[in-house]
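Asks: Provided below are the primary sequence and the corresponding predicted coordinates.
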Amino acid sequence: MQLSSRSDQDLLGATDALSFEEFYLRHVNTVLGYFARRTGDAELAADLASETFAAALAGRRGYKPRKGAPGAWLFGIASRKLADAQRKGYAERRMCRKLGMERIDLTDADIAHIEELGESGLLEGLPEAQAAAVRAHVIEERDYGEIAGELHTSEAVVRKRVSRGLATARRRIGRHP
Amino acid sequence: MSQDFTTRLQLQLREAALREEQRGALGRQLAGLRYGMPAPAATVAVGLAVLLLAVLVAVGGLRWGHQEDIVSNPKVIGNVPLLKRYAQYVVACVTA
């Protein structure tokens, strides 16, 4: 599907199915990455993303531009769904059921893709040296000494890059998807 | 080739959106009310309404039955002289 130049507000304000589909395509990876980072569980992230978009579809007529940008509105729904799931220990499927949507079973490729979305979001925006150090130590689980040798630098420098990179990522996760 | 998660979710949302489109205005309004009301709250509200109705019917029924069962107290309806000589009177009590 070709994405148009219409604004998110236009897409949400329209009542046709294609407009909502385009809105979904613009945001699905960000929403999946957000849930994957917050839950560390691809299955749960997928269920929460389905429920979030189902709620957005059912409630799009209630969206008012004065309440904020469509993206912020969508993440408002997402964060409520996440809080609900953390409280109950599972993702609700109330809106999906109401809209007649079935639960989607994930393939291994889906799980890998969702985990990748979570990780790429974590490293996004970090300086290249910090991103490389975090990827090597946190994601690939390699020792500081090994990474330092590969990067031709000291272990202390690698530790500092990982520490700063993670601190930046934590701050970002804490205040924004 | 099997479709990935995002494509399958896209198709499900498309079908749901098309069903929404096909609904009438009244249906949308009713659905909006339903979506706005959490399911447990709706269930509790309906339950309370049924309970209230049952209480009203039961209380009304009891009162209705109670009125039919009222028995008046004995009362004096007349003095009948039985023996003139002693000028005694016996009070006859009759239950109405």
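Replies: Arrived safely.
Asks: residue contacts, residue B:53?
Replies: Contact criterion Cβ atoms under 8 Å, 6 or more residues apart in numbering or on different chains gives no residues in contact with residue B:53. The way it works is simple: take the backbone N, C-alpha and C, and place the C-beta from them, glycine included.
Asks: for it, pull up the helix or strand it's in.
Replies: Element membership for residue B:53 (DSSP states H and E) is helix B:39-68.
Asks: next one: residue B:79
Replies: Going by DSSP H and E, residue B:79 is part of strand B:75-83.
Asks: wait, what's in contact with the residue nearest to residue A:111 when sequence neighbours are not counted?
Replies: Distances taken as Cβ to Cβ, 6 or more residues apart in numbering or on different chains put residue A:42 closest to residue A:111, at 4.3 Å, once the chain neighbours are dropped. By Cβ under 8 Å, 6+ apart, the contact list for residue A:42 reads A:36, A:106, A:110, A:111, A:114, A:115, A:118.
Asks: kindly recompute the last result at 7 Å.
Replies: Residue A:42 is in contact with A:36, A:106, A:111, A:114, A:115, counting by Cβ atoms under 7 Å, 6 or more residues apart in numbering or on different chains.
Asks: any chance of those in JSON lines, with secondary structure, neighbour count and pLDDT too?
Replies: Listed next are these as JSON lines, based on DSSP: H, G, I helix; E, B strand; the rest coil; neighbours: other Cβ atoms under 10 Å in any protein chain shown; pLDDT from 0 to 100:
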{"residue": "A:36", "secondary structure": "helix", "neighbour count": "27", "pLDDT": "92"}
{"residue": "A:106", "secondary structure": "coil", "neighbour count": "19", "pLDDT": "94"}
{"residue": "A:111", "secondary structure": "helix", "neighbour count": "17", "pLDDT": "94"}
{"residue": "A:114", "secondary structure": "helix", "neighbour count": "26", "pLDDT": "93"}
{"residue": "A:115", "secondary structure": "helix", "neighbour count": "19", "pLDDT": "91"}
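Asks: max pairwise distance over the residues you listed: which two?
Replies: Using Cβ to Cβ, these span at most 11.8 Å, a distance reached by A:36 and A:106.
Asks: not counting residues beside it along the chain, what's closest to residue A:101?
Replies: residue B:12 (4.5 Å).
Asks: and residue A:114, by the same measure?
Replies: Using Cβ to Cβ, 6+ apart, the nearest residue to residue A:114 is residue A:42, at 4.1 Å.
Asks: now do that neighbour against residue B:18, distance only.
Replies: 28 Å (Cβ to Cβ, to the nearest Å).
Asks: so where is chain B shaky, pLDDT-wise?
Replies: B:1-2, B:24-39, B:62-72, B:80-96 (pLDDT under 70).
Asks: okay, now whichever residue of chain B sits closest to chain A: neighbour count?
Replies: Nearest residue of chain B to chain A (Cβ to the nearest Cβ) works out as residue B:17 at 3.5 Å. Applying other Cβ atoms under 10 Å in any protein chain shown, we find 22 residues neighbouring residue B:17.
Asks: so what's it up against?
Replies: A:17, A:20, A:21, A:57.
Asks: could you check how far the first one is from residue B:14?
Replies: From residue A:17 over to residue B:14 the distance is 6 Å, taken as Cβ to Cβ.
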